[in-house]
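Asks: sequence unknown, structure follows:
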């Protein structure tokens, strides 16, 4: 499904990703854990094609297709999705209008307005959102929890093949975290893969990963099963630095 | 001329309403340029009363005396001697579309005027060059005593009312362009709404310039009598020529006590038109006047709709949106004068600049001594679509009264990389993402327009933006 080989990327001339390898199979949930500054958010942005990051080496293939030359919208049409850590505000554009436009952009055939309306209602219910929420302007004045729920709502609407979740759990209280996890688990199945990028282990209590990777200084330094997450929680990132840091300072 | 080439190069010749008809006219002034002889010729041709001729000639003197304003946009290429000041396309005005000559009718059909009338309007006026070629008012409004006709007919049929109000809100010598309009005015609308009559669907006037080097100087006077209400909408287009056209209208609104007037404009002039318009309203006791002003197209627009709040409790609102693409300058804004206690006003200005386009907000808020407990808010937001686009804000505020509440807020935002990336990551193309940000930005104004016009406004801005994303 997703194959990343030797990925190197920089922003403003500073190299952040330094040869990252990762392979995500169909239907698999991968967690990438790492301390601040390890390059987690850069990885999410590079995967989705943010123009500010320059890819200087390596390859990303998604479903056998090289995505380097593809713009973000083309990646979305292939079935990639990024749940943003800090979603942008778009004043004057309602959530409903945005969802309609987005869904019709990735679909080959447009949904009828009635079908669209029903779909929005149905997905909002899963996310335990007030129907009035659809009339609010996109992310404008949203609380942190509302923004994250809204990201997952978009994911449910777009039904991607691969979701990248950039610290979706950070700043969420336990109730919101459970709703977010419910949204992800809703899509879980043989056709859905996810890369959950997180600092903390706690979201993985609600979304059980198939694989856990530890990221440090722009690389994946160790991988394992879900037990690795618990081990990390126990020992902390300092342990990882000592073990794999190769001389880097914390 | 160098601009033609530029217009071609910039791809702005895609202007959708740029088509033109052959120029065959019933009457056209024998030469370009303006002097007393031309003014007298126009007045004589219209069989006007003597006082109107005198009014025009006096205005002409003011026009000659007043210098071209230097404080706004660049008017150095506007040559008053290269303009035709009066063209009459047909002998008599049409009452039904069948009376209108085919080529003119086709023009308005292309612009969607007859369809709009059938569905959503109480009355329609269509001006082609200097004269209104078609006018209609639905029977129920006619029966209610509503007057909606072209200004020339208004002068003939309601001379006493016209003489009482004409030029009282905007005197001929108010500024150079009001003086010019007062000297050579032709067409425009005359509207009178009797006390207590509420016209619940809009009246619309459409202004079309067709001839090259044409100057269009319509004159509109709307009087809403006590406790009445009316919504008037104007739309404007012109073909693209190699030389410049001039549109210089004067619009006067009078809202009597407890009356309400909303005046909505969607201007979409071709990119070689100078659009220099004076619009001013007076709101009497507890009356409300709202200007909703969409400025697209034109080479240079200078327009600052004004509301004078003369009666206690009067309310004024000005909503304007301007789009300045390559080579365009939209110098727009609003003026509010609080001259009575407990008056309130709101100015919301939104501008979008792209490429070498420049948008300017220029506004005046004045509160006279004694206008106690007045409330006023000015909000101007500029959106820049790329690095080179330019915006300026000139908010003048003069407050002579202490017991008032005024707020002013200005923002400038750029369509950000992160914002576009966010929308694109959901499958929207870069163009669609940009359009979504822009439509969201003007939403507070679009939602004040009737649905069809809101859609039209969004569509026009998208047309202007097409191909703008690199």
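Replies: It's in. Predicted model only: the values in this text are computed from it and were never measured.

Asks: confidence score at residue B:41?
Replies: Per-residue confidence (pLDDT) for residue B:41: 93.

Asks: I figured it was touching residue B:29, is that so?
Replies: Yes: assessed by CB atoms under 8 Å, residue B:41 is found in contact with residue B:29 at 6.4 Å. Where you see a C-beta, it was placed from the backbone N, CA and C, and this is true even at glycine.

Asks: where do the contact lists of these two overlap?
Replies: Both residue B:41 and residue B:29 are contacted by residue B:86, under the criterion CB atoms under 8 Å, 6 or more residues apart in numbering or on different chains.

Asks: With neighbour numbers in mind, choose between these two.
Replies: residue B:29 (21 against 16; other CB atoms under 10 Å in any protein chain shown).

Asks: Might you report the residue contacts of the closest residue to that one other than its chain neighbours?
Replies: Leaving aside its sequence neighbours, residue B:29 sits nearest to residue B:86 (CB to CB, 6 or more residues apart in numbering or on different chains; 4.9 Å). Contact analysis of residue B:86 by CB under 8 Å, 6+ apart lists B:27-29, B:38, B:41-42, B:45, B:130, B:184, B:186.

Asks: switch the cut-off to 10 Å
Replies: By CB atoms under 10 Å, 6 or more residues apart in numbering or on different chains, residue B:86 lies in contact with B:27-29, B:34, B:38-39, B:41-43, B:45-46, B:129-131, B:184-187, B:214-217.

Asks: and if you look at residue B:364?
Replies: Counted by CB under 10 Å, 6+ apart, residue B:364 has contacts B:304, B:306, B:333-337, B:347, B:378, B:394-398.

Asks: Adding distance to chain A, neighbour count and secondary structure, write the residues you listed out as JSON lines.
Replies: Shown next, in JSON lines, are those (distance: CB to the nearest CB, whole Å; neighbours: other CB atoms under 10 Å in any protein chain shown; DSSP: H, G, I helix; E, B strand; the rest coil):
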{"residue": "B:304", "distance to chain A": "24", "neighbour count": "23", "secondary structure": "coil"}
{"residue": "B:306", "distance to chain A": "27", "neighbour count": "24", "secondary structure": "strand"}
{"residue": "B:333", "distance to chain A": "21", "neighbour count": "28", "secondary structure": "strand"}
{"residue": "B:334", "distance to chain A": "20", "neighbour count": "29", "secondary structure": "strand"}
{"residue": "B:335", "distance to chain A": "26", "neighbour count": "21", "secondary structure": "strand"}
{"residue": "B:336", "distance to chain A": "24", "neighbour count": "29", "secondary structure": "strand"}
{"residue": "B:337", "distance to chain A": "30", "neighbour count": "22", "secondary structure": "strand"}
{"residue": "B:347", "distance to chain A": "18", "neighbour count": "28", "secondary structure": "strand"}
{"residue": "B:378", "distance to chain A": "18", "neighbour count": "25", "secondary structure": "strand"}
{"residue": "B:394", "distance to chain A": "24", "neighbour count": "14", "secondary structure": "strand"}
{"residue": "B:395", "distance to chain A": "21", "neighbour count": "17", "secondary structure": "strand"}
{"residue": "B:396", "distance to chain A": "27", "neighbour count": "11", "secondary structure": "strand"}
{"residue": "B:397", "distance to chain A": "26", "neighbour count": "13", "secondary structure": "strand"}
{"residue": "B:398", "distance to chain A": "31", "neighbour count": "10", "secondary structure": "strand"}
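
Asks: Which members of the residues you listed are the farthest-apart pair?
Replies: B:337 and B:394 (16.9 Å; CB to CB).

Asks: and the residue in chain A positioned nearest to chain B, which of the three is it?
Replies: As assessed by CB to the nearest CB, chain B sits closest to residue A:92 within chain A, at 3.0 Å. When classified by DSSP: H, G, I helix; E, B strand; the rest coil, residue A:92 comes out as strand.

Asks: That one reaches residue A:140, doesn't it?
Replies: Yes: Residue A:92 lies in contact with residue A:140 (CB atoms under 10 Å); the separation is 8.5 Å.
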